[in-house]
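> Pasted the sequence and its predicted model underneath.
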Amino acid sequence: MTHLGFIAATYALGLAVPALFAVTAWQRLTRARARLAAIDPREGRA
Amino acid sequence: MASTPPIRCYLNPVDSIAYPARPARNLHRFANPGRFLRLAGRVQPWLTWPALLLTLGGLGWGLFMAPADWQQGDAVRMMYVHVPSAWLASAGYVSLALASFASLVWRHPLADLAAAEIGPVGAGFTALCLATGSLWGKPMWGAWWVWDARLTSVLVLFFLYVGHIALVRAFDDPTRGYRAGAILALVGAVNLPVIKFSVEWWNTLHQVASITLTGAPTMSRDMLWPLLVCAIGFTVAFAAIVMARTRAAVMERRIRGLLMAQADRA
């Protein structure tokens, strides 16, 4: 395969950027849900 | 013992706008945070798993099974990351402009939160587009960067995203930040046709579009299909990420409101 280094870097970035956003969004959502469940008695239905 | 009044579901704790208890059957019925959270919670898995499967499948298809180009060789495989991220850079800005429009015209509170969450994700995909374009440019053009009209207009798009992120967070009063960010987003939308038509209006090193709405694609079907799968996968991933971030933002706003209400009662 020609230009292997450039291709590997492109695919690494193409996976890393969406994965980074997905993981941080998931962590933020999990934290917010846990915090809300602790202080809001109505929670647990959303 | 006097009981404390329940916190109303439609109370927006940040700008203290009380929404009607029975919202009309229009766009504002989705301003109800509880309704949005319930709906988004159901939709989220239907976005997340297809995004994962389509993105990984499309990238694997492009990397291992799609043919090499007769001129570019295997470097054409970088297109399967670069082109979807470029589409999303512009499409993400369209969604930011639409959310900003809804925010300014209808004062839709979820539009403010959505716009604030679209900004960083759009900036990330625009940075990905610029970085992968640069990685493609070095072996193909012999340069990491050229001040070509297409590249420069996408760089301006990145700066617009960064400016929006900064402006939304620049005010003590979040409402003022949302308004200022919305105005910037709408003014910046003028850059979108410049990006689209830059390769036709000016002599650019960047190639013209291979896929258009009106004409047949000028690329092989063996390359077109994995590209479309990657583009759909990236688009659904973008939507899933923005939805998860907006859900988190709605919950964080509710947490702030509850804590403020508790502090007021204490």
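That came in fine, so what should we check first? Residues are numbered from 1 along each chain as shown, chains lettered A, B, ... in the order given.

> Secondary structure class of B:Gln262, three-state.
helix (DSSP: H, G, I helix; E, B strand; the rest coil).

> for the chain, what are the low-confidence residue spans?
Just so you know, I chose chain A. Across chain A, the ranges flagged by pLDDT under 70 are A:41-46.

> wrong one, I was asking about chain B
Judged by pLDDT under 70, the stretches of chain B that qualify are B:1-31, B:213.

> Tell me which residue lies nearest the centroid of it.
The centroid of chain B falls nearest to B:Gly92 when counting by C-alpha atoms, centre = their mean (3.3 Å).

> That one touches B:Ala115, doesn't it?
No. Under the criterion of C-beta atoms under 8 Å, B:Gly92 makes no contact with B:Ala115, lying 11.0 Å away. To be clear about C-beta, it is placed using only N, CA and C from the backbone, and glycine gets the same treatment.

> is chain A contacted by the helix or strand containing B:Ala240?
Using DSSP states H and E, B:Ala240 sits in helix B:221-265. Yes. Counting by C-beta under 8 Å from any C-beta of the partner chain, chain A has neighbours in helix B:221-265: B:234, B:237-238, B:240-241, B:244-245, B:247-248, B:251-252, B:254-255, B:258-259, B:262.

> Now, of those, which are buried?
B:234, B:237-238, B:240-241, B:244-245, B:247-248, B:251-252, B:254-255, B:258 (16 or more other C-beta atoms under 10 Å in any protein chain shown).

> From those, pick the one nearest B:Thr48.
B:Ala240 (4.8 Å; C-beta to C-beta).

> In contact with that closest one, which residues?
A:Ala22, B:Gln44, B:Leu47, B:Thr48, B:Ala51 (C-beta atoms under 8 Å, 6 or more residues apart in numbering or on different chains).

> Now for the residues you listed, which sits with the most neighbours around it?
B:Ala51 (22 neighbours; other C-beta atoms under 10 Å in any protein chain shown).

> Identify the residues contacting B:Ser90.
B:Leu157, B:Leu192, B:Ile195, B:Lys196.

> buried subset of those residues?
Members of those classed as buried by 16+ other C-beta under 10 Å are B:Leu157, B:Leu192, B:Ile195.

> Tell me the secondary structure at whichever residue of the stretch 51-200 of chain B sits closest to chain A.
Here the residue of the stretch 51-200 of chain B nearest chain A is B:Val81; by C-beta to the nearest C-beta that distance is 3.4 Å. Here B:Val81 is recorded as helix under three-state DSSP.

> Check which helix or strand the nearest residue to it once chain neighbours are set aside maps to.
Leaving out its chain neighbours, the residue that sits closest to B:Val81 by C-beta to C-beta, 6 or more residues apart in numbering or on different chains is A:Gly14, at 3.4 Å. Per DSSP H and E: A:Gly14 is located in helix A:4-39.

> Name the residues of that helix that come out as buried.
Buried residues in helix A:4-39, counting neighbours by 16+ other C-beta under 10 Å, are found at A:6-7, A:9-11, A:13-14, A:17-18, A:21-22, A:25-26, A:28-29, A:32-33, A:35-36.

> near chain B, which residues of chain A?
A:1-4, A:6-7, A:9-11, A:13-15, A:17-18, A:20-22, A:25-26, A:28-29, A:31-33, A:35-36, A:39-40, A:45-46.

> picking that back up, can you give me the angle the helix holding B:Ala240 makes with helix A:4-39?
30 degrees (axes from the mean of the first three to the mean of the last three C-alpha atoms, to 10 degrees).

> wait, doesn't B:Ile195 sit right on B:Thr152?
No. Using C-beta under 8 Å, B:Ile195 makes no contact with B:Thr152, being 9.6 Å away.
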